[in-house]
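Asks: Okay, structure incoming, though there's no sequence with it:
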């Protein structure tokens, strides 16, 4: 069952429970929102689930060319054998089932009519999202919220995955503000720098450096103590020890001095 | 859902006559109720009816800008997603309600054994749909929490305004009124669902207001000016 969050010993699945868990840990992207904006978030999420999700499911799992050439090999490569032979097919059948049960039925009788209807709805939904976003960076101003993450989660696969049949992607590309929105989030939060670290990885590199500095200082204190002991003993003449200092920009030199 | 349509059509100032039929589901072009019969055309479901009425020159949401229209559509989906699904769940997936209320009511126009067969068939259909969208695994408590969340969102959106958008009612007001009024007035085995709605005083006040403005006034008019009304009735039946 994906997505799954593993935090130390705790394993949580289902998006709603993961969000609750993160909120309890004091991570809340909607902290600054007003009550009305919170209500708007729920409404837009409902809109996307009703109008955009069926077409997304269809593009990934039901459209034969897309499924056979991209989705199935992609998912199968990430699932262990022998489940890789069975699970993608099951997910495809479930997707079709869901589409037919929620959007099929009279007056649309054939699969082609259902498909036409769901793509019409999806395109309308994309238009509505584009109108709502307008020229802002995110849906509620300058900082991203849960709604931005949700919309991104739906738009990015449509935008980026290279399918043979791409009517939804073509429609999305005609809405430049939504493309800009996806690109911005990809650059800010999913970027890889030249060294291969993500921006949050750069922070951990700094933290590691700090730890290393502390370690070096500890070691130098230990060496000082050893030298003190030696000095107190009568056999060896006293000698001065220069304490190691790590300046802001000069991390290289003390480390070099320590290394053998 | 019938109430949503009645409210919408009355907000557009279009006179209507409500008729009950046992085979209504079969008469409807989409199998869903209610539907309207105008001249030689039959249209069902809120979306197509709104389009149809708009094509005839009546619209409630013309005064809204693009962003507001997007918001209105989003809130209508929220109501469909949460309230309508919760109502269906309660009617067809909660065993107590199904046995005591839904089966007898749904099967009432038909003789035995047709009444049981048809209501079991409908129940099976609804349960299949619930399973496909992931609601089959929910407990009644979870469904009621979802209803509460939806009502909270609607209450926050409505705030102290008279209607959801500006001073004029729109399709969203008709839809919300239809669902909330039904929840508040339908007798079920427990009052938990209506209690959830009653927690939000601005929503109950909203329902009351719409009822007074569009339903009680209409009933009074129709009894006094029957002659004048009969000429109008040919437009919409």
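Replies: Here it is on my side, so go on. Computed from a predicted structure; not experimentally measured.

Asks: residue ranges with poor pLDDT in the stretch 1-150 of chain A?
Replies: Along the stretch 1-150 of chain A, the parts satisfying pLDDT under 70 run over A:1-2, A:105-109.

Asks: same thing but 50
Replies: Regions of the stretch 1-150 of chain A meeting the criterion pLDDT under 50 are absent.

Asks: how about the helices of it, start to end?
Replies: Using DSSP state H, counting those that start in this stretch, the helices of the stretch 1-150 of chain A run over A:15-24, A:35-47, A:53-57, A:64-66, A:72-78, A:83-103, A:111-133, A:146-160.

Asks: Enumerate the residues of chain B near chain A.
Replies: For chain B, the contact set with chain A under Cβ under 8 Å from any Cβ of the partner chain comprises B:29-31, B:66-67, B:69-71, B:73-75, B:77-78, B:80-82, B:128-129, B:132-133, B:149-150, B:152-154, B:156-157, B:159. Backbone N, C-alpha and C define where each C-beta goes, glycine included.

Asks: about what we covered before: what would the helices of the stretch 1-150 of chain A look like in TSV with mean neighbour count and distance to chain B?
Replies: What follows is these, written out as TSV (neighbours: other Cβ atoms under 10 Å in any protein chain shown; distance: least, Cβ to the nearest Cβ, whole Å):
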stretch	mean neighbour count	distance to chain B
helix A:15-24	13	10
helix A:35-47	21	4
helix A:53-57	22	10
helix A:64-66	13	21
helix A:72-78	13	20
helix A:83-103	16	4
helix A:111-133	18	4
helix A:146-160	18	10
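
Asks: among those helices, which is nearest residue B:50?
Replies: helix A:111-133 (13.9 Å; Cβ to Cβ).

Asks: how distant is the closest one from the center of its chain?
Replies: Put simply, helix A:111-133 sits 25 Å off its chain's centre (Cα atoms, centre = their mean, to the nearest Å).

Asks: which one of the helices of the stretch 1-150 of chain A lies closest to residue B:20?
Replies: Of all the helices of the stretch 1-150 of chain A, helix A:83-103 comes closest under Cβ to Cβ, at 28.1 Å.

Asks: That closest one packs against which elements?
Replies: In this structure, helix A:83-103 packs against helix A:53-57, helix A:72-78, helix A:111-133, helix B:114-133, with contacts taken as 3 or more Cβ pairs under 8 Å, 6 or more residues apart in numbering or on different chains; DSSP states H and E.

Asks: now the ones you listed as a markdown table including distance to residue A:182?
Replies: As requested, these are exported to a markdown table (distance: least, Cβ to Cβ, whole Å):
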| stretch | distance to residue A:182 |
| --- | --- |
| helix A:53-57 | 14 |
| helix A:72-78 | 20 |
| helix A:111-133 | 11 |
| helix B:114-133 | 27 |
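
Asks: between these, which gets nearest to residue B:49?
Replies: Among those, the nearest to residue B:49 by Cβ to Cβ is helix A:111-133 (16.9 Å).

Asks: any idea of the angle the closest one forms with helix A:35-47?
Replies: 160 degrees (axes from the mean of the first three to the mean of the last three Cα atoms, to 10 degrees).

Asks: so helix A:111-133 versus helix A:146-160, what angle?
Replies: Using the same axes, to 10 degrees: helix A:111-133 against helix A:146-160 is 130 degrees.

Asks: what's around residue A:6, how many residues?
Replies: By the criterion of other Cβ atoms under 10 Å in any protein chain shown, residue A:6 has 9 neighbours.

Asks: dump the residue contacts of it.
Replies: residue A:12 (Cβ atoms under 8 Å, 6 or more residues apart in numbering or on different chains).

Asks: which residues does it bridge with?
Replies: residue A:11 (DSSP bridges).

Asks: my read is residue B:37 is in a strand, agree?
Replies: Yes: per DSSP: H, G, I helix; E, B strand; the rest coil, residue B:37 lies within a strand segment.

Asks: confidence score at it?
Replies: pLDDT for residue B:37: 73.

Asks: and what of the one 3 residues further on?
Replies: pLDDT for residue B:40: 74.

Asks: circling back: quick one: closest of the helices and strands packed on helix A:83-103 to residue A:9.
Replies: Closest approach to residue A:9 among those is made by helix A:72-78 (24.5 Å; Cβ to Cβ).

Asks: same for that closest one, what does it pack against?
Replies: Identification of packing neighbours for helix A:72-78 by 3+ Cβ pairs under 8 Å, 6+ apart yields helix A:83-103.

Asks: Show residues contacting the helix it packs on.
Replies: Counting by Cβ under 8 Å, 6+ apart, A:54, A:57-58, A:60-62, A:67, A:71-72, A:75-77, A:79, A:111, A:114, A:117-118, B:128-129, B:132-133 sit against helix A:83-103.

Asks: Figure out how far that helix is from the centre of its chain.
Replies: With Cα atoms, centre = their mean, you get 25 Å for helix A:83-103.

Asks: how close does residue B:160 get to chain A?
Replies: 12 Å (Cβ to the nearest Cβ, to the nearest Å).

Asks: right, and the helices of the stretch 1-150 of chain A - which one's nearest residue B:14?
Replies: Of these, nearest to residue B:14 by Cβ to Cβ is helix A:111-133, at 25.9 Å.
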